[in-house]
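Visitor: I would like to see how this sequence folds:
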Amino acid sequence: MAQMHAVGISSSPDIALHGFSVHQGNFGCHRKCWFYKEINARAIGFCAKISSHYHLQQKCAVRCQGILNVTGGGTQEDVVHSKKTDVMGSNNGGLRGKLNKVVLAYSGGLDTSVIVPWLRENYGCEVVCFTADVGQGDLEMDGLEEKAKASGASQLVVKDLKEEFVREYIFPCLRAGAIYERKYLLGTSMARPVIAKAMVDVAKEVGADAVSHGCTGKGNDQVRFELTFFALNPELQVVAPWREWNITGREDAIEYAKKHNVPVPVSKKSIYSRDRNLWHLSHEGDILEDPANEPKKDMYMMTVDPEDAPNHPEYLEIGIESGLPVSINGRKLSPASLLSELNKVGGKHGIGRIDMVENRLVGMKSRGVYETPGGTILWAAARELESLTLDRETIQMKDLLALKYAELVYAGRWFDPLRYSMDAFMERITETTTGSVMLKLYKGSVTVASRKSPHSLYREDISSFETGAIYNQADAAGFIRLYGLPTRVRAMLEKGL
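Guide: Below you'll find the predicted structure:
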């Protein structure tokens, strides 16, 4: 029986088994006895198990031979032998379970490059890499497909999300005035939900049952990705390798990559951890982990040192309609094009550098340095125009809600009903925030030169120090007496009057 040869029993059609023989599936006894009928039944069951084991190995051999036909390396026997310890892509699952197809948020860096073989090894799954173009630049996009497939992915899906990112995520935050802990303009926080949303869409397109990301268990991004997955498709399984594997740092990751023949363009030397998109560039790690260290001059990539910026200022006019930027110096541009142009101009003048220690969602403090040239210019323009178009009570309420809005975005709750409701409020109250603001850029600073709006609540005839017909200065006396009445009553009580 051939199946007996496959598992190393015997190649003979008659197989001796402790005094008995198996011939073409029939078990015979040299001594006819009822006792051996039970032995006969057990032996038939034993042969069935051997046959089943053989068929599994035959399937494995066929799959491995297919791999050999594609790669042209090794022998079938070599692959079958290695299959005992390498379960990547197995229909029977991996070391940690079985998934069918996983969509991985892929950057082409070290972490996501080693995640590809790790997913296949541990979950026996096909890996579809996904890369979102949110304005990180051509340098980071070059050669990604080759890298992904060399790591073991079946395909790479790339989507250009720049316009959607600016229009649907950045501009609503700008309109809301969202800023986290007085400084952070939420560059990474806004990018994660648009990427995660696209991953959910890709998972549906390719028929994936799971998604995966390369976020560490110490950061905010794991929360931002997974809350979006939960909100848009709660049936998707989520795999977060950094919370599961034994890789503890870059050196371990590099060794794993070498072991699995994954090409990675890095060395073991420590470098900054960066995240770039059309809104900003963040820097973390290396010497920045000590808040006492000043950032090195050569660390910055989007902005020049303000000391080296041009010695002459540059003026820009930002056009705004209903709280959203639409033009530069009278030229109407798409959201992504507008921001991209402002990044270049602002970067040339050293605009938008922020160095801060922030409170992460997971409880620890972290130090980061951010470059947000175009965003800083837009922030100044939007806030300044509101000073004309919004009344005191509205501005105060808006500023109060902006803190909560920023907190929701920072915490990954973009698709939370509360944020939707707050966004509706922001949209409503900025309907009249239309006009233009002239800004002066000079050596790292943004100064407002002028502002105007057809809906301005500022009236020169009222605000002028010259006497006007609308405002009678004598009326102020009665107002002050009424407004200050609680103060007078308290003082009278304390003095026994």
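
Visitor: Might you report the residue contacts of the residue nearest the centre of the chain?
Guide: What sits nearest the mean C-alpha location of the chain, by Cα atoms, centre = their mean, is Arg192, with 3.4 Å. Applying Cβ atoms under 8 Å, 6 or more residues apart in numbering to Arg192 gives the contacts 221, 224-225, 228, 412. The C-beta positions use only the backbone N, C-alpha and C, and glycine is treated the same way.

Visitor: quick one: which helix or strand includes it?
Guide: With secondary structure defined by DSSP states H and E, Arg192 is part of helix 187-206.

Visitor: residues touching Ile377, list them.
Guide: Contacts of Ile377 (Cβ under 8 Å, 6+ apart): 316, 318, 342, 345-346, 351-352, 439, 441, 446.

Visitor: Out of those residues, which two sit at the greatest distance?
Guide: Ile318 and Gly352 (14.6 Å; Cβ to Cβ).

Visitor: which stretches of the stretch 201-350 of the chain have low pLDDT?
Guide: Scanning the stretch 201-350 of the chain for pLDDT under 70 picks out 265-270.

Visitor: just the strands in it please.
Guide: For the stretch 201-350 of the chain, strands defined by DSSP state E, counting those that start in this stretch occupy the ranges 210-212, 237-239, 273-276, 281-284, 314-321, 324-328, 331-332.

Visitor: Which strands and helices lie in contact with the longest one?
Guide: Under the contact criterion of 3 or more Cβ pairs under 8 Å, 6 or more residues apart in numbering; DSSP states H and E, strand 314-321 touches strand 324-328, helix 335-348, helix 373-389, strand 435-442.

Visitor: Can you point out the buried residues in the helix holding Arg192?
Guide: Neighbour-count burial for helix 187-206 flags 187-203, 206 (criterion: 16 or more other Cβ atoms under 10 Å).

Visitor: Also stretch 225-232?
Guide: Neighbour counts over stretch 225-232 (16+ other Cβ under 10 Å) mark 225-229, 231-232 as buried.

Visitor: Same check on stretch 126-145?
Guide: Those would be 126-136, 140, 144-145, for stretch 126-145 by 16+ other Cβ under 10 Å.

Visitor: Please apply the same query to stretch 413-420.
Guide: Those buried within stretch 413-420 under the rule 16+ other Cβ under 10 Å are 413-414, 419.

Visitor: Residues contacting that stretch, please?
Guide: So stretch 413-420 is contacted by 169, 190, 193, 224, 227-228, 231-232, 405, 408-409 (Cβ under 8 Å, 6+ apart).

Visitor: Let me know how buried Trp242 is, in neighbour terms.
Guide: A total of 17 residues lie near Trp242 under the criterion other Cβ atoms under 10 Å.

Visitor: Could you do Met492 as well?
Guide: Met492: 10 surrounding residues under other Cβ under 10 Å.

Visitor: Packing partners of the helix or strand it falls within?
Guide: Here Met492, judged by DSSP H and E, is contained in helix 485-494. Applying 3+ Cβ pairs under 8 Å, 6+ apart, we find helix 485-494 packed against no helix or strand.

Visitor: Using CSV, list the CA coordinates for that helix.
Guide: Only the C-alpha atoms of helix 485-494 are listed here, as CSV (Å, rounded to 0.1, in the frame of the first residue of the first chain):
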residue,chain,number,x,y,z
LEU,A,485,-24.5,95.1,42.0
PRO,A,486,-23.4,91.6,43.3
THR,A,487,-19.9,92.9,44.0
ARG,A,488,-21.3,95.9,46.0
VAL,A,489,-23.7,93.8,48.0
ARG,A,490,-20.9,91.4,49.1
ALA,A,491,-18.7,94.3,50.1
MET,A,492,-21.5,95.9,52.0
LEU,A,493,-22.1,92.6,53.9
GLU,A,494,-18.4,92.3,54.8
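
Visitor: per-residue confidence at Ala48?
Guide: For Ala48, the model assigns a pLDDT of 43.

Visitor: what's near enough to touch the nearest residue to Arg167 once chain neighbours are set aside?
Guide: Once flanking residues are discounted, Arg167 sits nearest to Pro335: 4.5 Å by Cβ to Cβ, 6 or more residues apart in numbering. Pro335 makes contact with 163, 166-167, 170-171, 325 under the criterion Cβ under 8 Å, 6+ apart.

Visitor: Check Gly217 too.
Guide: 240, 242-243.

Visitor: before we move on, what about Glu126?
Guide: 89, 100-102, 120, 154.

Visitor: just to revisit the earlier point, out of the strands of the stretch 201-350 of the chain, the one nearest Ala176 is which?
Guide: Using Cβ to Cβ, the nearest of the strands of the stretch 201-350 of the chain to Ala176 is strand 324-328, at 11.2 Å.

Visitor: when you compare where the closest one runs with where strand 435-442 runs, what's the angle?
Guide: 60 degrees (axes from the mean of the first three to the mean of the last three Cα atoms, to 10 degrees).

Visitor: Counting neighbours, which bits of strand 324-328 end up buried?
Guide: 324-326, 328.

Visitor: Pull the residues that contact it.
Guide: Taking Cβ under 8 Å, 6+ apart as the rule, strand 324-328 contacts 171, 174-175, 316-320, 332-333, 335, 338, 341-342, 378, 381-382, 436.

Visitor: From Ala406, how far out is Val437?
Guide: Distance of Val437 to Ala406, given as Cβ to Cβ, to the nearest Å: 22 Å.
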